[in-house]
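>>> Give me a 3D structure for the following:
(chains A and B)
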Amino acid sequence: MSKRGASILVVDDEREILRALQRSLTAHGYTVLVARSGEEAVEVLARQHPDLLLLDLLLPGISGLEVCRQVRATSNTPIIVLSVKDAERDKVEALDLGADDYVAKPFGMNEVLARVRVALRRAAQAPSGTEPRFQAGPLSVDFARRQVQVDGREVSLTPTEYDLLKVFITHRGKILTRQQLLKDVWGDQAHDRIHSLHVYVAQLRQKIEPDPEHPRLILTIPGVGYRFNDDLENDDPEHKEKERDGRAS
Amino acid sequence: MSTIEHVLPIGMSKALPWQRYLLDSVLATAGTLLVTAVIFAFHLYPSIPNISIVYLLVIIALASTRGRYAAILASLLAFLSFDFFIVPPLFTFVMYRVEEWIALAVFLADALLTSQLAVALRERAEQASRREQETRILYDLVRTTNHEVEPGRQLQVIAKAVVDVLSPWGIHDCALLQPDGTGTLHVQASAYEPVEQITFSSDERAIATWVMTHGRTMGLYDDAALTPSTTIRFVQRVIVRSTAAGRAVRRSLRLIPLKTGQKVIGVLRLRVLDDPGRFPYEGRLEEEQTRPNAPISFFWTFLDQVTALVERARLERENLRIAVLQRTDALRAALLSSVSHDLRTPLTSIKAAASSLLQEDVQWDEEARQGFAFSIEREADRLNRLVGNLLDMSRIEEGALRPEKEEYSLTTLIHDVLDRLGPLVDGRIVRTNLPDNLLLVDVDYLHIDQVLTNLIENAVRYTPPDSPIDVSAQIRGEQVVLCVADYGPGIPPADLERVFDKFYRVLHGQHPVGYPMGSGLGLAVCKGLVEANGGRIWAELRESGGLVVYVALPRSERERMGL
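Numbering: from 1, shown residues only, chains lettered A, B, ... in the order given. You can find the predicted model right below:
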């Protein structure tokens, strides 16, 4: 499945973590570049244009957040943030700054690989949201007719639920922070809605998830937001990985 | 709480001196003249030669009830009136017979001597009763103070006793000020006002500090004219607060140092209702401090006792603080031993598995290699959870925990967490019993996620490997109650509350035989997180065996309002 030859820049100041990531990523056919500080990362980025960035937020010199900001100023290179549990705010800030995804330290290698795959696939896709139809597992959406079907049965969504689903599908695979979701769905009135966001998501799940008690389409990213997972066919690697990984976040 | 007993007030003569003298004079004059009149009217004198003895009755009566002045005055009046009205020639002070002179002179000497004896006797009796009363006051003070165990309340009892005892002097409130570590004075106790409500103006503070450093008494008056001449003059303020019966009740403050030896340990702030002359001014207070038996000397004896009790309360507080420190030290030691044990256990497993994989002389088959790798991963997760709990605990203790409350569906949250907990549950059956509705709660998702994880981890750890775990939730009034029940051995009923104490397991050294030790942090973290989210956590034992932990969380406001 992995895209042969894609180059990945790994930025971390811990030698052992670098080594482990380098070994596994190389074994899966990726070309691995390493940087051990923010400055070095910026330099390598400018010189070698990697396809993806695995970025630790706690770096000597300029911070991971700053690297994130600089990358986004010039390119759409996918960024996956590596962060520890007690840095929720940094993590969310990085995602709001345009990072695509995050993996909590300590991470399982399978999870990193799954995240990398998803990010690379997303980057390779044409800008989403333009196709007339969308299909993921049992869910199919006809945007032209605003029609949503689960297992061939039509479900009726409220306008807000439909908007929410559309935002999820547009950014499928990517972590959407609460702020991003609020802004995309409610625009200017987002501020008053912060409390009802999770309720809308819960209601949407009840309607579109084949098994709402074990959601596979809309996944909760604790303390951050949600991710719409459209990779169900692929033996659902990330879901399985989550289970294997225990309380990763 | 027992009500505070009252201490007897100090004895005070109500009447002012000049009124006393007037009354004494009138009684002495009236008494002697009455006797003279009777003797005169019935011509008793020459027939009964010693009739002057009758005067002695009046004089002794006056001596024993009214005091020395009345007795002497009566003696002299008796001498003169007997001479004037009774001894012939009448209506002159002249006497012809020597015997009459001698008799009258002896009578005067007798009268004076007898009255002095009677007065001395009376004074001694009075002194004895005053001593007794004073002893009683001191005894009551010590007794009521000892009655109260808690140091903070002891000070209040002392302050109340001061007001009770000194109330005849017009004192109606008393606050106790003591310096803290930096020397700043703080109100430690007050007789009738709650300590928090006491305002302490800057000039009061300045004076109190002056009293503290110089060990001298100071007053704050509403009238500059009353102020004794002290070298330092502070702002004089009118402290008129209320008027009683149309008459302005003037109030003033006295600040009196509490001294043990040369050391001043605090300042007593007395609020005095100014009825002029009732409460002695500072100058008099200090002057008479050294004079024995002066009326005010008891005031100082009483204050000495108060000082001793205040000092004792301070020492008790100090001891308590040291005891707490020692307990904290014991706790810290327990933490270290517990944490190092908990960190080492997974580390040992990881090290063992990894080094097994590295052994060159053994060819592990694929299954064994997988097993080692799994155990490394599982133990690493366990370490991660422990570190997470330690971090949470320290945040809870620092008060740095700020829940980001949003409206979530508890039903969804429970399913999400259970989905994620795969390896932790370790093949155990987790049965859920959740209602169809969303159970909306206002909480921090990560916190409640952590609570549920810890509860399930606990249930898995301390119950037999094949027993199921029940997770349920339901609405109860204004709350949503989450419930995690196991089928394990439970805990002793006496420990149901203590299980939520930090290091309960470590400090009480009890854990079911055959089960691994936990950090003893899990439930303490749960309690901290639940309470930070406005909820409540408690444990109950099931009749059929097993422990049930309940977590009550506030329902979301919108849902309660039916939106």
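
>>> Check whichever residue of the stretch 101-250 of chain B sits closest to chain A and give its pLDDT.
Closest residue of the stretch 101-250 of chain B to chain A, CB to the nearest CB: residue B:181 (34.0 Å). To be clear about C-beta, it is placed using only N, CA and C from the backbone, and glycine gets the same treatment. Note for residue B:181: predicted pLDDT of 75.

>>> Buried residues in the longest helix belonging to chain A, which are they?
With residue count as the measure and DSSP state H as the assignment, chain A has helix A:109-124 as its longest helix. Neighbour-count burial for helix A:109-124, counted by 16 or more other CB atoms under 10 Å in any protein chain shown, picks out A:109-122.

>>> Give me the next element, helix or strand, following that helix.
As assigned by DSSP states H and E, the chain's next helix or strand after helix A:109-124 is strand A:133-136.

>>> And the helix or strand following that next one, what does it pack against?
Tracing the chain past strand A:133-136, the next element assigned as helix or strand by DSSP H and E is strand A:139-142. When contacts are defined as 3 or more CB pairs under 8 Å, 6 or more residues apart in numbering or on different chains; DSSP states H and E, strand A:139-142 sits against strand A:133-136, strand A:147-150, helix A:159-170.

>>> Can you report phi and psi for the residue of chain A most remote from its centre?
Centroid-distance maximum for chain A: residue A:153 at 28.9 Å, with CA atoms, centre = their mean. With angles defined as degrees, to the nearest 10, residue A:153 sits at phi -90, psi 140.

>>> So in terms of bridging, what pairs with it?
residue A:150 (DSSP bridges).

>>> Quick check: the gap between it and residue A:136.
Between residue A:153 and residue A:136 the computed distance is 16 Å (CB to CB, to the nearest Å).

>>> What of residue A:178?
22 Å.

>>> More neighbours: which of the two?
A side-by-side neighbour count of residue A:178 and residue A:136, using other CB atoms under 10 Å in any protein chain shown, places residue A:178 first with 22 against 18.

>>> Contacts only, for the more buried one.
Residue A:178 is in contact with A:194, A:197, A:224, A:225, B:406, counting by CB atoms under 8 Å, 6 or more residues apart in numbering or on different chains.

>>> now swap in residue B:188 and tell me
By CB under 8 Å, 6+ apart, the neighbours of residue B:188 are B:152, B:155, B:176, B:177, B:178, B:195, B:266.

>>> Smallest gap between the stretch 451-563 of chain B and chain A, at which residue?
Counting by CB to the nearest CB, the stretch 451-563 of chain B gets nearest to chain A through residue B:453 (5.8 Å).

>>> Next secondary structure after the helix or strand where that residue lies?
Using DSSP H and E, residue B:453 sits within helix B:445-461. Downstream of helix B:445-461, the first helix or strand assigned by DSSP H and E is strand B:469-476.

>>> The contacts of residue A:178: which two are farthest apart?
Largest separation among the contacts of residue A:178 by CB to CB: A:194 and A:224, giving 14.2 Å.

>>> which SS class is the residue in chain B sticking out farthest from the centre?
Distance to the chain centre peaks in chain B at residue B:96, reaching 79.6 Å (criterion: CA atoms, centre = their mean). With DSSP: H, G, I helix; E, B strand; the rest coil as the basis, residue B:96 sits in coil.

>>> Now do it against chain A, distance only.
120 Å (CB to the nearest CB, to the nearest Å).

>>> What does the pLDDT read for residue B:15?
55.

>>> On the three-state scheme, the residue nearest the centre of chain B is what?
Central residue of chain B (CA atoms, centre = their mean): residue B:153, 1.9 Å from the mean position. Assigned with three-state DSSP, residue B:153 falls in the helix class.

>>> hmm, back to that, now the contacts of residue A:178 as CSV including neighbour count, distance to residue A:8 and secondary structure?
Output for the contacts of residue A:178, formatted as CSV (neighbours: other CB atoms under 10 Å in any protein chain shown; distance: CB to CB, whole Å; DSSP: H, G, I helix; E, B strand; the rest coil):
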residue, neighbour count, distance to residue A:8, secondary structure
A:194, 16, 35, coil
A:197, 22, 33, helix
A:224, 20, 22, coil
A:225, 22, 24, strand
B:406, 18, 35, strand
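
>>> So which of the residues you listed is the closest to residue B:82?
Comparing the contacts of residue A:178 against residue B:82 with CB to CB picks out residue B:406 as the nearest, at 106.6 Å.

>>> what pairs with the closest one across the strands?
residue B:443.

>>> Let me know the pLDDT of it.
For residue B:406, the predicted pLDDT is 85.

>>> Kindly report the same for residue B:547.
89.

>>> Nearest spatial neighbour of it, chain-adjacent residues omitted?
Take residue B:547 and drop its neighbours on the chain: the residue closest to it by CB to CB, 6 or more residues apart in numbering or on different chains is residue B:490, 4.9 Å away.

>>> Check residue B:36 too.
The nearest residue in space to residue B:36 (CB to CB, 6+ apart) is residue B:81, at 4.4 Å.

>>> Give me the distance from the strand or helix carrying the one you found to the chain's centre.
Residue B:81 is part of helix B:68-81 when elements are defined by DSSP H and E. Counting by CA atoms, centre = their mean, to the nearest Å, helix B:68-81 is centred 57 Å from the centre of its parent chain.

>>> quick one: the spatially most central residue of chain A from chain B, how far?
Nearest to the mean C-alpha position of chain A, by CA atoms, centre = their mean, lies residue A:174 at 3.0 Å. As judged by CB to the nearest CB, residue A:174 and chain B stand 19 Å apart.

>>> For chain A, just list every one of the helices.
Using DSSP H, helices in chain A cover A:15-27, A:38-48, A:64-74, A:88-96, A:109-124, A:159-170, A:178-186, A:190-193, A:197-208, A:237-245.

>>> you'd agree the residue of the stretch 101-250 of chain B closest to chain A is in a helix?
No - checked against three-state DSSP, residue B:181 lies outside a helix; its state is coil.

>>> domain ranges for chain A?
Chain A breaks down into these domains under automatic domain parsing: A:7-124, A:133-235.

>>> Those: which one's closest to residue B:113?
Nearest of those (CB to CB): domain A:7-124, 96.3 Å.

>>> about what we covered before: redo the contacts of residue B:188 as JSON lines? Include distance to chain A, neighbour count and pLDDT.
Putting those into JSON lines (distance: CB to the nearest CB, whole Å; neighbours: other CB atoms under 10 Å in any protein chain shown; pLDDT from 0 to 100) gives the following:
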{"residue": "B:152", "distance to chain A": "38", "neighbour count": "12", "pLDDT": "72"}
{"residue": "B:155", "distance to chain A": "43", "neighbour count": "26", "pLDDT": "84"}
{"residue": "B:176", "distance to chain A": "45", "neighbour count": "24", "pLDDT": "86"}
{"residue": "B:177", "distance to chain A": "44", "neighbour count": "25", "pLDDT": "86"}
{"residue": "B:178", "distance to chain A": "42", "neighbour count": "20", "pLDDT": "85"}
{"residue": "B:195", "distance to chain A": "39", "neighbour count": "16", "pLDDT": "74"}
{"residue": "B:266", "distance to chain A": "46", "neighbour count": "26", "pLDDT": "86"}
